[in-house]
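Asks: coords below, sequence missing:
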C-alpha cells in the first residue's frame, strides 16, 4: 500500500512538472522564434526537453544505462532546476502584469519580446552569480556562554559544518577546500551535522573523499550525525560506514563525554522511521544516565522539536538542513516552517545555532544567502 501511494504521488508530481515545463518552454519558443526566426522548432523542443529531463536521466541512467554519462546529465539537470525555478516565477509574474495592463490597454505588444529577452538575460546572469556565490564560503562566529562548569575547560572552539551534500556535484575539491579552511581555524572539536553524503555513497568512495576527511585536524576529534539525505538514498548504513572509515565518529542516538568536560549527543535524523520503519530514540532515553550538571551539546540535523530539547535540559543544539532556503525567496518559506531557520536563537535555557550549510542540493546555486563554516566560541561557568 505504501509503494502504491508513492507511485501515485510520483505520477502526479511528474505530470505537474511536465506541464509547468511546457508552460516555460512555450514562452521560450515564442521569445526565441521572434529573435531568431531561423530557429528550427523541432530542434528547439528536443533541446528543451533534454534539459528539462536531464536530472532525471542522470539519476536513473547510472542504474539502467551504465554506459551513459550520468554525471554530465546530473550537472546539466541541476543547472536547469535553478533556471526553471526562476523562469517559472518570473513568467508567472510577467504574464499576470501583461494580462492586467493589457486589459487596461496599457501594454504595447512590441514590448513583450524586448522585456522577455531582458528577463532571460537577467536570469542567466543571476544563475552565474549564484554558482559563484555558492563557492565562496564565509566563516561565521558565535560566542555562546553555557551556564555550567566545563570541568577542565574554561572555553572550547567548536567548528560546525552541515549540508555538504558530497557527491557528483559537490565533489572532492569542495571538501578539500572546507578542510583547508577548518584547519586554519585550529578547532578543538569538529561537528558534521548531517547531509554529509548526498544520497549516493558511490561518488564519495570513487573520489576517495575519505582521504580529505583524514586531513582534518581537531584536538578532541571529528563527530557526525546522519541527515535526511543519508536516508533518502537508502544508503544510510553505507554512508555511516564510509564516514567511520574516514576516521569520523558517527553518533547514532548516543552520547559521548568529550575532554572529560561536556556531553556531546548525536541523534539520528527524523526521517529514519519513514525509510527504515524504526523510530529514533527519544532524547530523554538517550540522556537518562547523564550528569545534568555538566554541559550538554546536541547535534540534530533538522531544527525541529526544540521543545523536546528544552525539556531535556540541553544547553546548546546545533542543526542545519534548511540551507536558509538556498534560492531566494525560499528563505521566507523556511522562516515560516521552522521556529529558527538560520542563525542564533534562544528558547528559555536552550540555545540553538542553525547553519545555512556548506554545499548545495539540486541546483548548484546560492542566491540570497551564503555557504558557511560556523565557529562556536563556547565559554563555561568558572
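Replies: Okay, I see it. The shown structure was predicted, so the numbers you read here are calculated from the model rather than taken from an experiment.
Asks: thinking residue 256 is in contact with residue 250, fair?
Replies: No. Using Cβ atoms under 8 Å, residue 256 makes no contact with residue 250, being 11.1 Å away. Any C-beta I mention is one placed from the backbone N, CA and C, and that applies to glycine too.
Asks: more neighbours: the two, which one.
Replies: More neighbours surround residue 250 than the other of residue 256 and residue 250, with 21 against 14 (other Cβ atoms under 10 Å).
Asks: how about low-confidence regions in the stretch 151-300 of the chain?
Replies: Along the stretch 151-300 of the chain, no part satisfies pLDDT under 70.
Asks: can you give me the helices for it?
Replies: Along the stretch 151-300 of the chain, the segments classed as helices by DSSP state H, counting those that start in this stretch run 172-185, 202-206, 209-213, 228-232, 236-245, 272-276, 283-286.
Asks: with mean neighbour count and distance to residue 20 as extra columns, can I get those in a markdown table?
Replies: Output for the helices of the stretch 151-300 of the chain, formatted as a markdown table (neighbours: other Cβ atoms under 10 Å; distance: least, Cβ to Cβ, whole Å):
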| stretch | mean neighbour count | distance to residue 20 |
| --- | --- | --- |
| helix 172-185 | 17 | 30 |
| helix 202-206 | 18 | 29 |
| helix 209-213 | 20 | 35 |
| helix 228-232 | 24 | 23 |
| helix 236-245 | 18 | 32 |
| helix 272-276 | 15 | 26 |
| helix 283-286 | 16 | 40 |
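Asks: wait, which of these is closest to residue 101?
Replies: Closest of the helices of the stretch 151-300 of the chain to residue 101 is helix 228-232, at 43.6 Å (criterion: Cβ to Cβ).
Asks: picking that back up, now do the shared contacts for residue 256 and residue 250.
Replies: Residues touching both residue 256 and residue 250 (Cβ atoms under 8 Å, 6 or more residues apart in numbering) are residue 223.
Asks: which of the helices of the stretch 151-300 of the chain sits closest to residue 46?
Replies: Closest among these, using Cβ to Cβ: helix 202-206, at 29.0 Å.
Asks: got the contact list for that closest one?
Replies: Here helix 202-206 has contacts from 166, 167, 168, 171, 197, 210, 239, 242, using Cβ under 8 Å, 6+ apart.
Asks: most distant residue from the centre of the protein?
Replies: Ranked by distance from the centre of the chain (Cα atoms, centre = their mean), the top residue is residue 105, with 45.2 Å.
Asks: report the contact partners of that residue.
Replies: So residue 105 contacts nothing (Cβ under 8 Å, 6+ apart).
Asks: picking that back up, export the helices of the stretch 151-300 of the chain to a markdown table and append columns for distance to residue 88.
Replies: Shown next, in a markdown table, are the helices of the stretch 151-300 of the chain (distance: least, Cβ to Cβ, whole Å):
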| stretch | distance to residue 88 |
| --- | --- |
| helix 172-185 | 28 |
| helix 202-206 | 29 |
| helix 209-213 | 34 |
| helix 228-232 | 24 |
| helix 236-245 | 33 |
| helix 272-276 | 28 |
| helix 283-286 | 40 |
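Asks: out of those helices, nearest to residue 99?
Replies: helix 228-232 (39.3 Å).
Asks: other SSEs contacting that closest one?
Replies: helix 236-245, helix 272-276 (3 or more Cβ pairs under 8 Å, 6 or more residues apart in numbering; DSSP states H and E).
Asks: which residues sit against it?
Replies: Helix 228-232 has contacts (Cβ under 8 Å, 6+ apart) with 165, 194-199, 236, 239-240, 269-272, 274-276, 301-302, 321, 361.
Asks: centre of the chain to it, how far?
Replies: Put simply, helix 228-232 sits 11 Å off its chain's centre (Cα atoms, centre = their mean, to the nearest Å).
Asks: same question, stretch 150-159
Replies: 29 Å.
Asks: how about stretch 337-348?
Replies: 17 Å.
Asks: now do the same end-to-end measure for it.
Replies: Chord length of stretch 337-348, first to last residue, is 20 Å (Cα to Cα, to the nearest Å).
Asks: rounded mean pLDDT for that stretch, please.
Replies: Here stretch 337-348 scores 96 as its mean pLDDT.
Asks: identify all contacting residues around it.
Replies: For stretch 337-348, using Cβ under 8 Å, 6+ apart, the contacting residues are 142, 144, 303-304, 306-307, 310, 322, 324-325, 331, 334-335, 351-356, 369.
Asks: mind checking which of those land in helices?
Replies: Residues of the contacts of stretch 337-348 located in helices (DSSP state H): 306, 307, 310, 331, 334, 335.
Asks: which of those residues are buried?
Replies: Among the ones in helices among the contacts of stretch 337-348, those buried by neighbour count (16 or more other Cβ atoms under 10 Å) are 306, 331, 334.
Asks: re the thing from before, where does the residue farthest from the centre of the chain sit: helix, strand or coil?
Replies: Secondary structure, DSSP: H, G, I helix; E, B strand; the rest coil: residue 105 is coil.
Asks: next one: phi and psi at it?
Replies: For residue 105, the backbone dihedrals (degrees, to the nearest 10) come out as phi 70, psi 20.
Asks: likewise for residue 58?
Replies: In terms of degrees, to the nearest 10, the main-chain angles of residue 58 are phi -60, psi -40.
Asks: need the contact list for it.
Replies: 70, 71, 72, 73, 74, 75, 76, 77, 168.
Asks: the first one: neighbour count?
Replies: Burial measure for residue 70: 19 neighbouring residues, criterion other Cβ under 10 Å.
Asks: give me the pLDDT for it.
Replies: Taking residue 70 on its own, its pLDDT is 73.
Asks: distance of the nearest residue to residue 162 once chain neighbours are set aside from residue 352?
Replies: The shortest distance from residue 162 to any residue other than its chain neighbours is 2.6 Å, reached at residue 320 (Cβ to Cβ, 6 or more residues apart in numbering). Separation of residue 320 from residue 352 (Cβ to Cβ, to the nearest Å): 12 Å.
Asks: compare neighbour counts for those two and give me the winner.
Replies: residue 320 (31 against 22).
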